[in-house]
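**Q** Below: sequence and its predicted model.
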Amino acid sequence: MDFFDRFAVPHPSFLIYAAMVGIGLTMLAVVVGITYFKKWGYLWREWITTVDHKRIGIMYLLTALLMLFRGGVDAIMMRYQLAMPENTFLDSQHYNEVFTTHGVVMILFMAMPFIIFFFNFLVPLQIGARDVAFPRLNALSFWLFFMGMGLFNLSFIIGGSPDAGWTSYFPLAGNEFSTSVGTNYYMIAIQIAGIGTLMTGINFITTILKMRAPGMTLMKMPMFTWSAFIANVIIVFAFPVLTVLLAMGTMDRLFGTNFFTTDNGGMDMLWANLFWVWGHPEVYILILPAFGLYSEIIPTFARRNLYGYKSMVASMVVISILSFVVWAHHFFTMGQGPLTNSIFSITTMAIAIPTGVKIFNWLFTLWKGKIQFTTPMLYSILFIPLFTLGGVTGVMLAMSAADYQYHNTMFLVAHFHNVIIPGVVYAMLAGMTFYWPKIFGFMLNEKLGKWTAWLLTVGFVLAFIPMYITGLDGQARRMYTYSESTGFSLLNMVSFIGAAIMAIAFALLVYNIYYSIRYSPRNIGSDPWDARSLEWSTHTPVPEYNFAITPQVASTQAFWDSKKNGHELFKGDIEKIHMPNNSGLPFIMSCMFFVFGFAMVFSIWPVVIVSLIGILACLVYRSFEQDHGRYISVEEIKETETRLRGAKNEGR
Amino acid sequence: MKVDNSLPLEYSTEENNLKILGFWIFIGAEIMLFATLFTAYFTLENRTGNGPTGAEIFEITPVLIETILLLTSSFTIGLAIHAMRLNRKKAMMGFFTITLILGTAFLGVEIYEFTHYVHVGAGLQTSAFTAALLTTLGTHGLHVTLGLFWGLFILLQIKKRGLTPETANKSFIFSLYWHFLDIIWIFIFSFIYLKGMM
């Protein structure tokens, strides 16, 4: 009986049982639906085995949107619990689980796939490449990430969710204080997804360094590609730290080692330090591509060149370096002494300088521009003041002496949501709206889009600005309730209303997608926004090989030059194109990783060994496999080109 | 596939170039991985709890044997790549085989070393120091083990398919990996063993 006890959720409640039934029914419906419409073959051939960067990108996008919903439900539950004093909607254990999974899901399983979606879809198109450097590895990256995500979400219904915070500090996360398997899920699911992300990093650095179109020097790359390059460099240097850290945490929990315990020499602060050595660069992995997207959107709709290209690049490089030397600011109060705190204070505040440079560059780009207030532009314009507010409170937090007042209060929660939501989430939504026509061949409805942006902003301000005040008044974060005498109830109710408005905004986004699928015109051509860089120069929908002829580049805005200044993008004749073959191996191998992870979580050693052998067998198969890809013939390319061009002409 | 004959075989196609650069970046990630392990080790080095210290358990003889074995194998994989560039398949396979044998011998001695540690009461669970020590050494050992299998498969492919741009590329990348493990070992030898014995 003991064996099966571990699979039960430790603190069951009506909500969890309802979710179990809901998830079970949804999955059943999906399986039955696919079988009924006979789509298994299609799914396998076109999606599961695909190595096409565009399709992999779309799968990342779908996962991100799904997780945005999942993390959003967590957020609403927390805000509802705190809306009234002494609320009993969630108990303390359940609340702990909810804020832990909210953090992990939003950072690692929503924001990360969202930016990797943009890497995948945009980078090869922006640099005029056929695909990424290692298409098969790219598929493996996605499926490993996907399986990690799946495993993490499974914790909710089998065995219990992690409950030690998304930072999972020891000794709280150790066996002594976290007795359920929840934290095992944390360690292993993030490990599997993290390996996938690390491979994404290697893949995109190689792609950007080696596969740019002729004439595109590093300093002529579109700004998003620059930001992707720097973010991927940070990934390659930061994620191995996470790999080691999670491995050590896993060993502490499963094998009884003493890395982070409180006896036999173990050191709990080692976890906190190493976590943030990865964790702080991680937030820049998220924000830099967001900056890159704003740098694409703002020039497009201000009808001007991006102001200060070189300083934009330089500031991102400086931010990436500084991101590795600020980690201790996450725990100023944990006793490292005034000298260390002062050093980390100064490095942290220094980040405001390159970030400020970027803000001013965007403002100067807008200056004297012919601004068009489209939905993506609206997000970008709203981003600037809101993000600056978050940045300023960040500098407040960076002052180590003052931090003793803010530490672990709602002030901090307000700060990081204030940078992540207008910074990352707005960029993701702006970028999604901006690139939607390129991806799917129709535009999202502008009116609904603007409503979403405004509602989101109103909701955001109502939800998070009050937290600055309650935080300064001493409301601690991660506390599941408070008494009425604290006087926090009114502002927390305002927060809840704000969160509800944000939920309505996201519902409106979903409705917008539905509405646009049904009613949006399909004859929009390949360049509906009159944009500037290479991804808009190919057809919509983008053919499998991206560009029939490799484009020639002479400036940072090659496509704009070809439209306005007579630059010739596509010189020469069509030649046959080499493309990689599809493969089921990444998916199969990732499935084995999933089984491996699940068995590790519950310490079912025979299954661990079998699945490890399976993983190794996949590697062996891959080593001996001979796969030289295939060629698309000139006739086939010409046929596709005529068809796509024809579709476009019809539209005009 | 376009083959540029003016370049060494392992660099002769575009795909090969990509793979070599990609692997260098992977080595960059590996450097961070071991740097983190070393950081953890140096932090926990003196936190021995009730367990033994490094000076009490380290033995110079097996460590020296391991060092000589691994350094020699790094030399022989270099010779193998040199033979590959001269297009001498037999010599290349010979040196490659010697490399793998030396690697296996290294692993054998390391396994002996590990059983010795457990024997003298320095197991994985003993203290923070032993956990960090065995994890760092174990991660390196795991890399060597995987490398041995990987190398064996490449060797079989060369035997079957000869020196093609593909097999040459794999061999060259394997040599990069093997040299990298050697460099990591030099750090382990200097900063874990020698420093620990002083």
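**A** Thanks, I have it.
**Q** Show me where chain A has its strands.
**A** Along chain A, counting by DSSP state E, strands occupy A:577-579, A:630-632.
**Q** Can you tell me the SS state at the residue sitting furthest away from the middle of chain B?
**A** Relative to the centre of chain B, the most outlying C-alpha is that of B:Lys2, 32.8 Å out, by Cα atoms, centre = their mean. For B:Lys2, the assignment made with DSSP: H, G, I helix; E, B strand; the rest coil gives coil.
**Q** Cross-check the contact I'm expecting between it and B:Asn16.
**A** No - at 10.8 Å, B:Lys2 does not count as touching B:Asn16 under the criterion of Cβ atoms under 8 Å. Using the backbone N, CA and C atoms, a C-beta is placed for each residue, glycine as well.
**Q** Skip the chain neighbours and tell me the closest residue to the residue most central in space within chain B.
**A** Chain B has B:Leu181 as the residue nearest its centroid, 2.9 Å off, counting by Cα atoms, centre = their mean. What sits nearest to B:Leu181 in space, not counting adjacent residues and going by Cβ to Cβ, 6 or more residues apart in numbering or on different chains, is B:His143, at 5.5 Å.
**Q** ditto for A:Asp627
**A** Spatial nearest neighbour of A:Asp627, excluding adjacent residues (Cβ to Cβ, 6+ apart): A:Asn581 at 5.6 Å.
**Q** tell me, how many neighbours does that neighbour end up with?
**A** Neighbourhood size, A:Asn581 [other Cβ atoms under 10 Å in any protein chain shown]: 12.
**Q** On the pLDDT front, check it for me.
**A** Looking at A:Asn581, its pLDDT stands at 92.
**Q** now swap in A:Tyr185 and tell me
**A** Per-residue confidence (pLDDT) for A:Tyr185: 95.
**Q** what sits against the closest residue to A:Tyr169 other than its chain neighbours?
**A** The shortest distance from A:Tyr169 to any non-neighbouring residue, by Cβ to Cβ, 6+ apart, is to A:Ala272 (5.7 Å). Going by Cβ atoms under 8 Å, 6 or more residues apart in numbering or on different chains, A:Ala272 touches A:167, A:169, A:330-331, A:334.
**Q** Contacts only, for A:Val425.
**A** Neighbours of A:Val425 in contact, by Cβ under 8 Å, 6+ apart: A:Ala111.
**Q** low pLDDT regions in chain A?
**A** A:1-2, A:646-652 (pLDDT under 70).
**Q** Show the average pLDDT along the top helix by length along chain B.
**A** The longest helix of chain B (DSSP state H) is helix B:128-161. Average pLDDT, helix B:128-161: 95.
**Q** now the angle between helix B:128-161 and the next helix or strand along the chain from it, please.
**A** Where DSSP states H and E defines the elements, the next helix or strand beyond helix B:128-161 is helix B:165-187. Calculated by axes from the mean of the first three to the mean of the last three Cα atoms, to 10 degrees, helix B:165-187 forms an angle of 160 degrees with helix B:128-161.
**Q** State the number of residues packed around residue 140.
**A** Here I'm looking at chain A. For A:Leu140, using other Cβ under 10 Å, the count is 26.
**Q** Switch to chain B, please.
**A** Neighbours of B:His140 (other Cβ under 10 Å): 19.
**Q** so who does the closest residue to chain B within the stretch 351-500 of chain A touch?
**A** The stretch 351-500 of chain A approaches chain B most closely through A:Ile351 (21.2 Å), counting by Cβ to the nearest Cβ. Residues in contact with A:Ile351 (Cβ under 8 Å, 6+ apart) are A:319, A:322-323, A:326.
**Q** and which of those is nearest chain B?
**A** Distance ranking of these against chain B, using Cβ to the nearest Cβ, places A:Ser323 first at 13.9 Å.
**Q** Am I right that the closest one is in contact with A:Trp278?
**A** No - counting by Cβ under 8 Å, A:Ser323 does not reach A:Trp278; the two are 10.6 Å apart.
**Q** Now the common contact residues for the two.
**A** Counting by Cβ under 8 Å, 6+ apart, nothing touches both A:Ser323 and A:Trp278.
**Q** sorry, back to before: surely the residue nearest to A:Asp627 meets A:Tyr631?
**A** No - A:Asn581 lies out of contact with A:Tyr631 (Cβ under 8 Å); the separation is 11.0 Å.
**Q** Can you add distance to A:His407 and mean neighbour count and give the strands of chain A back as CSV?
**A** Shown next, in CSV, are those (distance: least, Cβ to Cβ, whole Å; neighbours: other Cβ atoms under 10 Å in any protein chain shown):
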stretch, distance to A:His407, mean neighbour count
strand A:577-579, 54, 18
strand A:630-632, 58, 14
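**Q** Residue 110: neighbour count?
**A** Just going to use chain A. 25.
**Q** look at chain B instead
**A** B:Glu110 has 22 neighbours, counted by other Cβ under 10 Å.
**Q** Assess the claim that it and B:Glu66 are in contact.
**A** Yes - taking contacts as Cβ under 8 Å, B:Glu110 lies within contact range of B:Glu66: 6.0 Å.
**Q** Quick check: residues of the stretch 1-150 of chain A near chain B?
**A** A:133-134 (Cβ under 8 Å from any Cβ of the partner chain).
**Q** Helices along the stretch 1-150 of chain A, start to end?
**A** A:2-5, A:14-36, A:40-42, A:53-83, A:92-104, A:112-126, A:135-154 (DSSP state H, counting those that start in this stretch).
**Q** Quick check: which of those is buried the most?
**A** Stretch with highest mean neighbour count among the helices of the stretch 1-150 of chain A: helix A:112-126 (a mean of 28; mean count of other Cβ atoms under 10 Å in any protein chain shown).
**Q** Specify the angle between it and helix A:53-83 in degrees.
**A** 150 degrees.
**Q** Distance from stretch A:266-280 to the middle of the chain?
**A** 22 Å (Cα atoms, centre = their mean, to the nearest Å).
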